[in-house]
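[1] return a 3D structure for these sequence lines:
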Amino acid sequence: MHCCGLITKEKEPVPLKSIDVELQVKDHVATVVSTMNYENKEDKPIEAVFIFPIPGDAAVCHFSARIGQTEIVAEVKEKQKARDEYDDALSSGQQAFLLEESEQSPDIFTLSVGSLPPGESASIRLEYVTELSVEADDGLRFCLPAVLNPRYQPQGSTGVQLTSVPASLVPYSLSFSARVSSPRPVSKIESNCSLDPVQYLNTDQTQATVKLAAGHKFDRDVELLIYYKDAHRPTAVVEAGQSSAEAGTLMGDPVVMVSLYPEFPQSVMSSMTTHGEFVFLLDRSGSMDCPTHVKKQQETRISSARDTLLLLLKSLPMGCYFNICSFGSTYEHIFPKSVEYSETSMDEALKKVEHMGADLGGTEILEPLKHIYRQLCIPNHPRQLFVFTDGEVGNTKEVIDLVKKNADSHRCFSFGIGEGASTALINGLAKESGGHAQFITGTDRMQPKVMQSLRFALQPAVGDISVAWTVPLGVSVVDMSPPITSLFKDQRSLIYAQLVGQSSEAAEGSVTVKYSLAGHPSQNELRFSLKPTEDTGLAIHRLAARTLIRSLEVENELENQDKRKKKVVELSVQSGVSSSFTSFIAVNKNSGNTTEGPLLRRDIPTPFAYGAAFPGVPMMCCAMSRSAVLCDSEELDDGESYDCMSLELEDYAPPPMEPSFEQLGYKNSYIGMSSDSEVYDALDEDTYGEPVQPPKQPPRDPLLQLVSLQKASGCWLLDPALATALGKTSEEVEKSKPAQIKEEVWATILALIWLHGFKMDAKEEWELLAAKAMLWLSAQNASSVTECFEAGNSLLGCSVQEATIGL
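    Numbering: from 1, shown residues only. Reported below is the predicted structural model:
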């Protein structure tokens with residue numbers, strides 16, 4: 001029997017041949033069409049099952065199958081009914097296709113292709129729409145998840161069975177093309193993957209196309225960053241309803257999507273708050289020991305997180321409170337409860353952070369969150385929770401439900417680290433608590449993104465947020481979005497609403513967002529035409545439906561569960577958008593041929609990122625199920641060999657200690673290796689063809705070296721360590737000091753000159769701690785500051801002016 005590219009652990013061929021993805025971006029809305037091509041090269045009929053990731057906030061709105069010249073379009077039905085219909089079809093010999101959203105996490109889907117006869121091919125078309133998130137540099141981020149890491153399941157929870165292979169061994173190919181259009185010019189398009197050159201389709205550069213270069217290795221998600229000119233302009237788009245749908249229904253009426261960028265008075269924004277309780281929750285599971293990027297073996301996720309905590313702790317304002325918690329299979333905290341920020345508490349925390357490793361086992365995030373929420377909030381110090389995780393958890397909905405229940409007591413700023421982090425988890429944590437989510441992938445630096453979120457957390461609190469609509473007589477507005485709970489400077493807020501009734505095409509409407517900023521009432525108004533935009537393909541209707549479905553799904557009123565489910569199912573069926581209570585089902589009832597006998601099940605392998613849950617990485621020891629199967633290299637017909645791994649995630653359970661592979665009963669070519677060095681050699685020989693040495697600690701970054709010397713008050717001390725960080729000797733630094741100037745003032749001015757003279761490219765990382773240093777300097781009322789700057793510039797070879805620093 002001919003094997004097609006890769007075989008499973010039972011030496012079975014994989015029927016998925018290729019995935020073709022077409023992306024269409026209109027302003028900040030993306031429509032994704034993915035076509036999966038299957039072929040059965042075996043001599044018996046098969047059922048192919050593929051578990052794959054989709055963005056957690058996407059609205060899956062179309063699913064169809066083409067066999068030969070026949071196209072079968074799927075319908076949305078209640079989940080159990082869809083499963084029964086699928087099973088009935090297969091048992092009667094018919095072809096059937098089922099697409100289901102995971103009940104644990106909305107960013108994982110299972111596609112079942114049932115009864116594919118020998119020699120037959122099938123093309124599966126899947127379509128979804130999603131909003132593009134706004135990055136710190138104003139780029140709009142689109143992410144095509146290509147990596148699905150095995151996710152840790154707490155003991156007692158259920159999950160899906162996942163077949164995984166290293167990313168470099170995926171047997172099917174990926175092609176990806178994108179078309180971008182906007183009323184504003186497209187300045188540039190960037191990606192973490194190799195792209196063919198961008199092609200502009202018109203002279204004003206409002207339309208462009210780009211393609212993924214051939215040979216994508218599935219070692220990362222495909223990420224596009226799209227930059228528009230004048231990106232922060234508020235917009236409103238009215239989309240006409242479906243002509244075949246009944247007026248008065250969601251799909252029959254127009255829907256408006258409003259994109260707002262609140263404008264805050266500079267006088268208010270210039271004063272950062274000094275109040276707050278800052279709780280940092282750090283993932284220390286085994287998977288955090290993975291390299292941040294395959295080309296950066298020396299930099300691991302946990303080491304990058306440690307460096308980030310250093311910057312955070314140095315940037316906190318005097319007078320606030322803080323604590324650091326970390327978790328794996330268990331959880332720890334540096335202080336029993338949050339303590340006031342001071343030199344003593346900061347130093348104690350930094351000493352413990354320095355020794356934090358990825359050594360706490362699995363990814364049990366639920367219990368540490370419960371512990372944090374049990375702590376009493378500190379009066380006049382709003383709680384700001386920062387969560388750092390690679391997102392490899394399986395109980396996503398349970399975690400998000402807990403955050404939602406406690407949304408009144410805190411805001412959560414979440415950070416997804418590495419390829420394959422759960423978008424549902426990271427976005428859900430932030431969305432349900434009024435915080436902000438960020439993703440750190442590929443060669444991204446964690447520090448600038450985290451420091452942007454700290455600036456958001458330090459902004460004056462925005463409260464009393466309300467939305468008011470003004471529309472012509474005869475038109476009413478039905479809000480589709482949950483109430484806005486937070487507003488941040490330079491960050492977009494999206495609002496969806498159904499427009500019921502009739503108006504003239506020339507009619508206008510307006511939306512006004514009112515809020516209180518640092519005690520001052522403010523408002524932003526946007527006027528818009530009620531004339532529907534042409535050719536939007538119902539994308540806005542589906543995003544509005546998705547928004548309403550998600551808000552209904554996370555409601556916690558137990559007495560209304562049946563009523564809530566019924567409402568979600570009705571909305572899902574009406575809009576054609578999937579939900580946790582519904583599935584897409586398609587049955588080929590027109591085929592004259594029926595399949596007899598049992599079907600052979602074929603699980604399509606999913607790529608996981610380098611080291612995510614692979615032998616030799618601590619997570620494997622701590623978090624793999626006892627039923628996991630690791631297979632030795634198998635030789636295929638063409639002489640190539642591959643390794644595969646099948647994980648039953650529902651059996652994941654955290655052992656109290658990290659047992660050996662032999663204790664867990666695994667037999668594999670990696671077992672029996674006595675050192676990390678042997679494991680890394682074996683891993684890289686199998687995966688990349690050449691061995692690499694275990695990661696060594698890199699020399700400390702000069703910026704971090706200087707930052708580590710700053711005191712909690714904001715000043716630096718004049719000592720040999722500072723001289724070394726500045727690249728000078730102690731004698732050179734001390735001799736250059738002007739007379740009558742205090743040593744701390746001289747040291748602090750030197751540090752500020754060095755930052756402005758040599759590290760302007762990393763200003764986002766040190767801006768807050770430099771502001772603290774300037775406040776300290778101003779309080780010293782030091783004389784001869786100009787003389788200090790002249791001497792400091794001369795010593796360091798810079799030309800930084802006092803006005804540049806802000807003194």
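[2] how about residues contacting stretch 244-259?
    Residues from elsewhere that reach stretch 244-259 (C-beta atoms under 8 Å, 6 or more residues apart in numbering): 28-29, 234-242, 480, 492-500, 509, 511, 526, 528, 530, 532, 538, 540-541, 543-545, 571, 574-575. For the C-beta atoms, the positions are set from N, CA and C on the backbone; glycine is no exception.
[3] also stretch 443-458?
    By C-beta under 8 Å, 6+ apart, the residues outside stretch 443-458 that reach it are 136, 192, 272-273, 276, 278, 292-293, 295-296, 304-305, 307-308, 311-312, 315, 317, 384, 386, 411, 413, 415, 417, 435-436, 438, 440, 488-489, 491, 762, 764-765, 767-768.
[4] and those, which are buried?
    136, 192, 273, 276, 278, 292-293, 304-305, 307-308, 311-312, 315, 317, 384, 386, 411, 413, 415, 417, 435-436, 438, 440, 488-489, 491, 762, 764-765, 768 (16 or more other C-beta atoms under 10 Å).
[5] let's see which of those residues end up in helices.
    Cross-referencing the buried ones among the contacts of stretch 443-458 against helices under DSSP state H gives 304-305, 307-308, 311-312, 315, 764-765, 768.
[6] any idea which of those residues is closest to Ala208?
    Nearest to Ala208 out of those is Glu764 (C-beta to C-beta; 27.8 Å).
[7] for Glu222, list each beta-bridge partner.
    You called it Glu, but residue 222 is Val. Applying DSSP bridges to Val222 gives these bridge partners: Leu144.
[8] circling back to that earlier point, now, the contacts of stretch 244-259 that are in strands?
    Assigned to strands by DSSP state E, the following of the contacts of stretch 244-259 qualify: 29, 235-239, 493-500, 509, 511, 526, 528.
[9] wait, a helix at Glu348?
    Yes. The assignment for Glu348 (DSSP: H, G, I helix; E, B strand; the rest coil) places it in a helix.
[10] thinking it is in contact with Tyr341, fair?
    No. Checked against C-beta atoms under 8 Å, the pair Glu348 and Tyr341 is beyond contact range at 11.4 Å.
[11] and these two? Which one has more around it.
    Remark: of Glu348 and Tyr341, Tyr341 carries more neighbours, 22 against 14, as counted by other C-beta atoms under 10 Å.
[12] contact partners for that one?
    Residues near Tyr341 by C-beta under 8 Å, 6+ apart: 316-322, 712.
[13] what segments of the stretch 1-150 of the chain are strands?
    Taking DSSP state E, counting those that start in this stretch, the strands of the stretch 1-150 of the chain run over residues 16-26, 29-39, 46-53, 59-67, 70-73, 75-78, 95-101, 108-116, 121-131, 133-134, 140-144.
[14] so which of the ones you listed gets nearest Asp196?
    Nearest of the strands of the stretch 1-150 of the chain to Asp196, taken as C-beta to C-beta: strand 16-26 at 14.0 Å.
[15] helix/strand/coil for the closest residue to Gly391 other than its chain neighbours?
    Closest residue in space to Gly391, ignoring its immediate chain neighbours: Ala421 at 3.4 Å, by C-beta to C-beta, 6 or more residues apart in numbering. What three-state DSSP gives for Ala421 is coil.
[16] so what's Ala421 up against?
    With C-beta under 8 Å, 6+ apart, Ala421 has these contacts: 389-392, 439, 441.
[17] can you tell me which of the residues you listed lies nearest to Pro197?
    Among these, Thr441 lies closest to Pro197 (C-beta to C-beta), at 22.9 Å.
[18] from memory the closest one sits against Gly418, does it?
    Yes. If you go by C-beta under 8 Å, Thr441 and Gly418 touch, sitting 6.6 Å apart.
[19] looking at the two, which is more packed in?
    Gly418 (31 against 21).
[20] once you drop chain neighbours, what's closest to the more buried one?
    In space, Gly418 is closest to Asp390, 4.7 Å off (C-beta to C-beta, 6+ apart).
[21] quick check: the one you found vs Ile334, distance?
    Distance, Asp390 to Ile334, using C-beta to C-beta, to the nearest Å: 21 Å.
[22] okay, those two: which has more neighbours?
    Using other C-beta under 10 Å, the more surrounded residue of Asp390 and Ile334 is Asp390, with 30 against 20.
[23] roughly how far out does stretch 723-730 sit from the chain middle?
    Taking C-alpha atoms, centre = their mean, to the nearest Å, one finds the center of stretch 723-730 at 40 Å from the center of the full chain.
[24] before we move on, back to that, give me phi/psi at the residue nearest to Gly391?
    According to degrees, to the nearest 10, the main-chain angles of Ala421 amount to phi -60, psi 140.
[25] my guess is Leu552 meets Gln561, correct?
    No. The criterion here is C-beta under 8 Å, and Leu552 misses it with Gln561 at 11.0 Å.
[26] so for those two, which sits in the more crowded spot?
    The residue with more neighbours, out of Leu552 and Gln561, is Leu552; 17 against 11, by other C-beta under 10 Å.
[27] and that one, how far from Glu100?
    Leu552 sits 19 Å away from Glu100, taking C-beta to C-beta as the criterion.
[28] ok, now Tyr373?
    In this view, Tyr373 and Glu100 are 32 Å apart by C-beta to C-beta.
[29] which of these two has more neighbours?
    Taking other C-beta under 10 Å, Tyr373 and Glu100 do not tie; Glu100 has more neighbours (22 against 16).
[30] ok, and the closest non-adjacent residue to that one?
    Ser583 (4.5 Å).
[31] number of residues surrounding the one you found?
    28.
[32] so it sits against Ala96, correct?
    No. Between Ser583 and Ala96 no contact is recorded; they are 11.6 Å apart, counting by C-beta under 8 Å.
[33] contacts for stretch 200-210, please.
    Applying C-beta under 8 Å, 6+ apart, the external contacts of stretch 200-210 come out as 177-187, 189, 191, 195-199, 224.
[34] got the end-to-end distance for that stretch?
    Start to finish, the residues bounding stretch 200-210 are 9 Å apart (C-alpha to C-alpha, to the nearest Å).
[35] kindly report the same for stretch 484-495.
    9 Å.
[36] over to stretch 707-715?
    Stretch 707-715 stretches 10 Å from its first residue to its last (C-alpha to C-alpha).
[37] mean confidence score for it?
    Averaging pLDDT along stretch 707-715 gives 96.
[38] chain neighbours aside, what residue packs nearest to Ile585?
    For Ile585, the closest residue by C-beta to C-beta, 6+ apart turns out to be Ala82, at 4.0 Å.
[39] which residues are in contact with stretch 764-781?
    With contact meaning C-beta under 8 Å, 6+ apart, stretch 764-781 is reached by 136, 272, 311, 314-315, 317-318, 445, 447-448, 451-452, 454-455, 458, 703, 707, 710, 713-716, 742, 744-745, 748-749, 751-752, 755, 759, 785, 805-807.
[40] could you rerun that using 6 Å?
    311, 314-315, 447-448, 451, 713-715, 745, 748, 752, 755, 806 (C-beta atoms under 6 Å, 6 or more residues apart in numbering).
[41] cool, stretch 307-317 as well?
    Where contact means C-beta under 6 Å, 6+ apart, the residues beyond stretch 307-317 that reach it are 274, 341, 346, 353, 446-447, 450, 704, 707, 710, 765, 768-769.
[42] I'm done for today, thanks for sticking with me.
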